[in-house]
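Colleague: sequence and predicted model, in that order:
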Amino acid sequence: MANTLPDPHAAIVIDAGGVAPDGQLNAADGRSISRALGRSQRAARRRAFLLVLPLLLFIVITFVVPIGQMLARSVYNDGFSARMPAVGEWFAAHPVGTPPDEAAYAALVSDLAKSAADKSIGVVGTRINYDYPGTRSLFTSTGRKVDDLRPPFIETLPKVNAKWADPALWAVMREASRPLTPNFYLAAMDRTKNDAGKVVQVAPQQRVYLMLFLRTFILSLVITGLTFILGFPIAHLLATLPTRKANLLMVLVLLPFWTSLLVRTTAWIVLLQQQGVINDLLVWLGFLDNGSRLQMIYNRTGTLIAMTHVLLPFMILPLYSVMRSINPSYERAARSLGATSWTAFRRVYFPQTLPGLGAGALLVFILAVGYYITPALVGGSSGQLISNMIAVHMTETLNWSLAAALAALLLGGVLILYYVYDRLVGIDNLKLG
Amino acid sequence: MALPTYASPLERVWHWFYIALCTAILIFLIAPIIVVIPLSFNAEPFFTFTPKMLALDPDGFSMRWYDSLLTFGMAQPDYPRDSNWWLDVWHNSKWVRATKNSFIIGISATIVATILGTLAALGLSRPEMPFRRPIMAILLSPMIVPIIITATGVFFFYSNPCAIFATAGNPTPCGRLAGTYLGVILAHATLGIPFVIITVTATLVGFDRSLSRAAASLGANPRTTFFKVIMPLILPGVISGALFAFVTSFDEVVAVLFIAGPDQQTIPRQMWNGIREQISPQILAAATLLVLFSIALLTTVEMLRRRSERLRGVTPS
């Protein structure tokens, strides 16, 4: 501002508050105007933040904390360590590879006796059972007989069950004696520690999780591709039709979007099952023999068809909103300059749809990798996704730590995609209906 | 989508192929929803069209599955249909109870989500809002995080909400939210909040902030400004956000599977049982009613959208 004419606005300020002896501009109350401005801006920020604060607290308490607490289970499981302190101490005092001596067996027996007395031996056995299948009953049955055992335990305990002398069991117990463990993440990636403590792949017939992650990834990609192939023409049609007709057809897109997911899944069961409408139709038309009805549901095909249907509106809506804003004269200009309709589409129209395509594809993919209900109902065994495996460990095998580790891996992937989506599209640009 | 007059024969063929393709895709979108409606009137316990139905013989159709929706779970379904019978329906019919639960949970969750979500959207739309982007990302994340992960986390947390304060060796149990209405309502409110924020923020994009300054300069306090100036203008957005939140709760099944007790069975939960266990056209009758319900909701949202655009001075499209 130096060596120019005095700022006309400054005159107003000077009239209002005058210039302080040090040359600083002051407000009417005599205080520095820059500080007054700062104060009012801070107040405005505080007011805006206070409006958001209740919801932020609500989401943190009902959503962020529960998920964090659940994820903590993926590395922390005290099912064994909290109830078997003596044998834990023995492991801490002796390095990996030390064969268990009489002291170790005595510690084990005293822990088993205590754990059996307070009826927590089932929990202990379950924890070991995750890493050494078939040992839950070993713990519970030994717990019933443990009071009758006499030293030397190193000889009497294996007589109850020979497995107690198995070095593999001791290795598993050593791992479980520390509550903090990476083992559930290893298990979630089909890996395990061998007796020497090295990370190795599990036996080929036990490798399920990597295959499931891969299947989830590939199926989601295929579904994203299918929704693109099916959604693009519809979005284009809706965007180029006269408004009145487009609105009428839009109902056909929005109605499935607003209809309950379970209704849509039920409808696909009705249509696709072997005694269902589509098979009936194909038999009636003579394409199929009554004996060779197609198996289109309770397998991967069912998951694919039903999920494509469910997610199609999430592709159509962002594509549509981008296509509506494309100026048709660009394509006409291309045609008038001699482009064929295919060239005009490929070089002029299609590139302009890319923001909508990116938004739709990312959204469909993010939603698809986390899908649960539809695969659970129509997927059979070959159409299950990783979410279904998390549910199995939550409700059937009760291996909650493994469920949490699988959930953490899935969540990590989804959050990366969410970050990309937010960067490229902006999550608040999401359009709903 | 008219064909230009200079189109070549190949383009004409392509054009008709394109129309046929679009028709096929639209049929794919809508057919599953249309098909369940006639099948719900099936006189037989099948999921397919019987020859009688195809011949439009009235004997092939019946209301028996709608009737069984009412009587399913009743103590004495065969009694004469007097006031006691209807009382039995009201208290014991599983679908009626599920409907009551769906509405109790849905409406409560919607109220929580709408109030908190609208306030937050007002704050987030102010230019002075600090950390806008990361906060927005957190608030919208319940929509993106796979539902099975949310349900799992909520299941552990609601089983013993105080466990996060517990130290080793001192678990401090303090009641349960799992298996209570409050627990399901809070979980559903969390899931519905992103939809409220998105719709209200979208309405606020077109909001002229000088209106609230004008109100303030005329002497209105913030409360009056909010209820007399801001609220009427953003109301369509708030209502459609509330409808989205309600539908989210009304359609939600995974969180209910994990945290609801036998008292909080909702319609989707009842359908889930039906699809997995005794699959019968009863499910189709329920599905048909739900389709009618979603048509009503869709119409409401569409009317609100047009009203909102009219208020903003845009011609409704």
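Modeller: Looks like it came in fine.

Colleague: where does chain A get nearest to chain B, which residue?
Modeller: Here the residue of chain A nearest chain B is A:Gly370; by CB to the nearest CB that distance is 2.5 Å. For the C-beta atoms, the positions are set from N, CA and C on the backbone; glycine is no exception.

Colleague: can you pull the pLDDT of the closest residue to that residue other than its chain neighbours?
Modeller: The spatial neighbour of A:Gly370 that comes closest, neighbours along the chain excluded (CB to CB, 6 or more residues apart in numbering or on different chains), is B:Pro146 at 2.5 Å. You'll see B:Pro146 listed with a pLDDT of 96.

Colleague: likewise A:Leu411?
Modeller: Here, the pLDDT recorded for A:Leu411 equals 97.

Colleague: can I see the domain layout of the chain?
Modeller: Here I'm looking at chain A. Domain assignment of chain A by the TED database yields the ranges A:25-73, A:85-180, A:209-429.

Colleague: ah, I was thinking of chain B
Modeller: For chain B, the structural domains run B:9-85, B:97-279, going by the TED database.

Colleague: ok, residues contacting the helix or strand that contains B:Lys52?
Modeller: Element membership for B:Lys52, per DSSP states H and E: helix B:51-54. Contact with helix B:51-54 is made by B:38, B:42-43, B:59-61, as judged by CB atoms under 8 Å, 6 or more residues apart in numbering or on different chains.

Colleague: re the thing from before, highest mean neighbour count out of the domains of chain B?
Modeller: domain B:97-279 (a mean of 20; mean count of other CB atoms under 10 Å in any protein chain shown).

Colleague: that one: how far from the chain's middle?
Modeller: In terms of CA atoms, centre = their mean, to the nearest Å, the centre of domain B:97-279 is set 12 Å apart from its chain centre.

Colleague: endpoint to endpoint, it covers what distance?
Modeller: Start to finish, the residues bounding domain B:97-279 are 20 Å apart (CA to CA, to the nearest Å).

Colleague: run the chain-centre distance for the helix or strand of chain B with the lowest mean pLDDT.
Modeller: Every helix and strand in chain B was compared by mean pLDDT, DSSP states H and E; the lowest is helix B:51-54, with a mean of 81. Helix B:51-54 sits 35 Å away from the centroid of its parent chain (CA atoms, centre = their mean).

Colleague: equivalent analysis for stretch A:88-104, please.
Modeller: So, by CA atoms, centre = their mean, the centroid of stretch A:88-104 is 40 Å from its chain's centroid.

Colleague: so is it next to chain B?
Modeller: No: with CB under 8 Å from any CB of the partner chain as the threshold, stretch A:88-104 lies outside contact range of chain B, at a closest distance of 13.5 Å.

Colleague: CSV for the domains of chain B, including distance to A:Arg264?
Modeller: As requested, the domains of chain B are exported to CSV (distance: least, CB to CB, whole Å):
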stretch, distance to A:Arg264
domain B:9-85, 6
domain B:97-279, 10
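
Colleague: A:Asp111 is nearest to which of those?
Modeller: The closest of the domains of chain B to A:Asp111 is domain B:97-279. By CB to CB, the value is 16.2 Å.

Colleague: for A:Tyr371, give me its contacts.
Modeller: Residues touching A:Tyr371, when contacts are defined by CB under 8 Å, 6+ apart, comprise A:307, A:385, A:387, B:146.

Colleague: what sits against the last one?
Modeller: The neighbourhood of B:Pro146, defined by CB under 8 Å, 6+ apart, consists of A:369-372, A:387, A:410-411, A:414.

Colleague: same question for A:Thr303.
Modeller: Taking CB under 8 Å, 6+ apart as the contact definition, A:Thr303 lies against A:219, A:374-375, A:378-379, A:383-385.

Colleague: can stretch A:350-368 be said to contact chain B?
Modeller: Yes: for a cut-off given as CB under 8 Å from any CB, stretch A:350-368 has contacts with chain B, namely A:Ile366.

Colleague: how far does that stretch sit from its chain's centre?
Modeller: Using CA atoms, centre = their mean, the distance between the centre of stretch A:350-368 and that of its chain works out at 19 Å.

Colleague: kindly format the C-alpha coordinates of it as CSV.
Modeller: Coordinates of the C-alpha atoms in stretch A:350-368 are reproduced here as CSV (Å, rounded to 0.1, in the frame of the first residue of the first chain):
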residue,chain,number,x,y,z
PHE,A,350,-17.1,-40.4,-24.8
PRO,A,351,-14.2,-38.5,-23.3
GLN,A,352,-16.7,-36.0,-21.9
THR,A,353,-18.5,-38.8,-20.0
LEU,A,354,-15.4,-39.9,-18.2
PRO,A,355,-16.0,-38.0,-14.9
GLY,A,356,-19.4,-39.7,-14.6
LEU,A,357,-18.0,-43.0,-15.6
GLY,A,358,-15.2,-42.7,-13.0
ALA,A,359,-17.6,-41.8,-10.3
GLY,A,360,-20.0,-44.6,-11.1
ALA,A,361,-17.4,-47.2,-11.6
LEU,A,362,-15.6,-46.4,-8.3
LEU,A,363,-18.9,-46.3,-6.4
VAL,A,364,-20.1,-49.6,-7.8
PHE,A,365,-16.8,-51.3,-7.1
ILE,A,366,-16.6,-49.9,-3.5
LEU,A,367,-20.2,-51.1,-2.8
ALA,A,368,-19.6,-54.5,-4.6
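
Colleague: my read is that A:Gly359 contacts A:Asn429, right?
Modeller: Rather than Gly, residue A:359 is Ala. Yes: under the criterion of CB atoms under 8 Å, A:Ala359 lies in contact with A:Asn429, with a separation of 7.4 Å.

Colleague: more neighbours: which of those two?
Modeller: Comparing A:Ala359 with A:Asn429 by neighbour count (other CB atoms under 10 Å in any protein chain shown), the higher total belongs to A:Ala359, at 24 against 16.

Colleague: can you count the residues close to A:Ile59?
Modeller: A:Ile59 has 23 neighbours, counted by other CB under 10 Å.

Colleague: who are the contact partners of the closest residue to it other than its chain neighbours?
Modeller: On the basis of CB to CB, 6+ apart, the spatially nearest residue to A:Ile59 that is not a chain neighbour turns out to be B:Leu139, at 5.7 Å. With CB under 8 Å, 6+ apart as the criterion, the residues that contact B:Leu139 are A:52, A:55-56, A:59, B:120, B:124, B:193-194, B:197.

Colleague: could you find the closest non-adjacent residue to A:Ala306?
Modeller: A:Ala306's closest residue in space is A:Trp268 (CB to CB, 6+ apart), at 4.4 Å.

Colleague: element containing the one you found, please.
Modeller: Going by DSSP H and E, A:Trp268 is in helix A:261-272.

Colleague: quick one: low-confidence ranges for the stretch 51-200 of chain B?
Modeller: Low-confidence segments of the stretch 51-200 of chain B, defined by pLDDT under 70, are located at B:164-173.

Colleague: in it, what residue is nearest chain A?
Modeller: Taking CB to the nearest CB as the measure, the stretch 51-200 of chain B has B:Pro146 as its residue closest to chain A, at 2.5 Å.

Colleague: do you know how far A:Arg346 is from A:Ile326?
Modeller: A:Arg346 sits 14 Å away from A:Ile326, taking CB to CB, to the nearest Å as the criterion.

Colleague: enumerate the residues of the stretch 101-250 of chain A near chain B.
Modeller: Among all residues of the stretch 101-250 of chain A, those adjacent to chain B (criterion: CB under 8 Å from any CB) are A:230, A:233-234, A:237, A:240-241, A:243, A:247, A:249.

Colleague: phi first, then psi, for the closest residue to A:Asp190 other than its chain neighbours.
Modeller: Setting aside the residues directly before and after it, A:Asp190 is nearest to A:Arg207 in space (CB to CB, 6+ apart), at 4.3 Å. Here the main-chain torsion angles of A:Arg207 (degrees, to the nearest 10) amount to phi -80, psi 100.

Colleague: what distance do you get for A:Arg207 to A:Phe213?
Modeller: From A:Arg207 to A:Phe213 the distance is 11 Å (CB to CB).

Colleague: on the three-state scheme, the spatially most central residue of chain B is what?
Modeller: The residue at the geometric middle of chain B, judged as the C-alpha nearest the mean C-alpha position with CA atoms, centre = their mean, is B:Val247 (1.1 Å). Recorded secondary structure, B:Val247: helix (DSSP: H, G, I helix; E, B strand; the rest coil).
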